[in-house]
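> sequence and predicted model, in that order:
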2 protein chains.
Amino acid sequence: MYPIVALAEAAGAKVETIRYYERIGLLPEPGRTRSNYRSYSEVHLGRLSFIRRARDLGFTLDQSRELPELAESRNSDCGIVDAIGQDHLRDVERKIADLKALRRELCDLIGQCQKGAIAECRIIGALSPR
Amino acid sequence: MYPIVALAEAAGAKVETIRYYERIGLLPEPGRTRSNYRSYSEVHLGRLSFIRRARDLGFTLDQSRELPELAESRNSDCGIVDAIGQDHLRDVERKIADLKALRRELCDLIGQCQKGAIAECRIIGALSPR
DNA sequence: CTGGACCCTGTAGTCCCTACAGGGTCAAGC
DNA sequence: GCTTGACCCTGTAGGGACTACAGGGTCCAG
């Protein structure tokens, strides 16, 4: 049971953002203590972390809402879930490709400054196997 | 020399967004035709495409502004350029890792629907060597 | 029992677009 | 030569996603 500041820290969000998400119905209303303070569970933490991660990656709030709902609706129509999932997957693939291109450019830039810093780039390459 | 609609299409942006970027000084003012229509060059296209890509990946406009400026300032202080570049690089690495985790989740989700659709996932794996 | 850290509910402001309104430009076809 | 429709212009207002107060309650260590 986290108070709001603890949740904020754990999920990498601001307190105001959490209250905002609750207001627009993105985050379920938490329980309250006797003194009317919000009290969050692990479920809230998971959901909030996911949303923050998705937002940081350039997804809209609607998309961030859709993704976990998709996962929770395992028993509903597979065709729809599958189609939406495929869409998001394509989106993710494109973003990964774009980021890799950007990494390449940054690497080149840094390489030009630190002459003979190709080692640096090799480290970065090693950081991302697969 | 592109008119504004052509630039918008080529860069994947909206016409209004282009004018907005010009207003806030993010995109250099283009030349004008006799009838006062905007006329863009390849340089504009490159810059706009970069900004749109960066925005789509969750970078702020300020970051999107900083990155190409970094690249253009090859001759200025290497230490600073290098430090900022390293910062952005770390950011990019994190985003790639997050996206890969997200891809994994989506893949699992889709896999559960399309029973025995691991082939699909294998294809996706092949799409992203390295 | 008081100071400081924490929490509450507003509401207003910021950033980044996006959508008109109201009007000029221009090439094609009648 | 004149109209019609696609294109362009400059505003300004609206929307999504926060962010920052103001004004006030709660809690507990000293």
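Happy to help now that I have it.
> write out the residues of chain A neighbouring DNA strand C.
Contacts of chain A with DNA strand C, taken as C-beta under 7 Å from any atom of the strand, map to A:3, A:4, A:5, A:6, A:15, A:16, A:19, A:32, A:36, A:37, A:38. All C-beta atoms are positioned from the backbone trio N, CA, C, and that covers glycine.
> close enough to count as contact, the third one and residue A:15?
Yes. Shown here, residue A:5 and residue A:15 form a contact pair, counting by C-beta atoms under 8 Å, at 6.2 Å.
> out of the residues of chain A next to DNA strand C, which sit inside strands?
With strands defined by DSSP state E, the entries of the residues of chain A next to DNA strand C inside them are A:32, A:38.
> just put the residues of chain A next to DNA strand C in JSON lines and tack on neighbour count.
Putting the residues of chain A next to DNA strand C into JSON lines (neighbours: other C-beta atoms under 10 Å in any protein chain shown) gives the following:
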{"residue": "A:3", "neighbour count": "14"}
{"residue": "A:4", "neighbour count": "18"}
{"residue": "A:5", "neighbour count": "11"}
{"residue": "A:6", "neighbour count": "12"}
{"residue": "A:15", "neighbour count": "14"}
{"residue": "A:16", "neighbour count": "10"}
{"residue": "A:19", "neighbour count": "13"}
{"residue": "A:32", "neighbour count": "10"}
{"residue": "A:36", "neighbour count": "6"}
{"residue": "A:37", "neighbour count": "11"}
{"residue": "A:38", "neighbour count": "18"}
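> mind giving me the domain ranges of chain A?
Following the assignment in automatic domain parsing, chain A carries domains at A:1-60, A:73-130.
> nearest to residue B:98, out of these?
Judged by C-beta to C-beta, the one of the domains of chain A that comes nearest to residue B:98 is domain A:1-60, at 5.4 Å.
> thanks again, I'm all set now.
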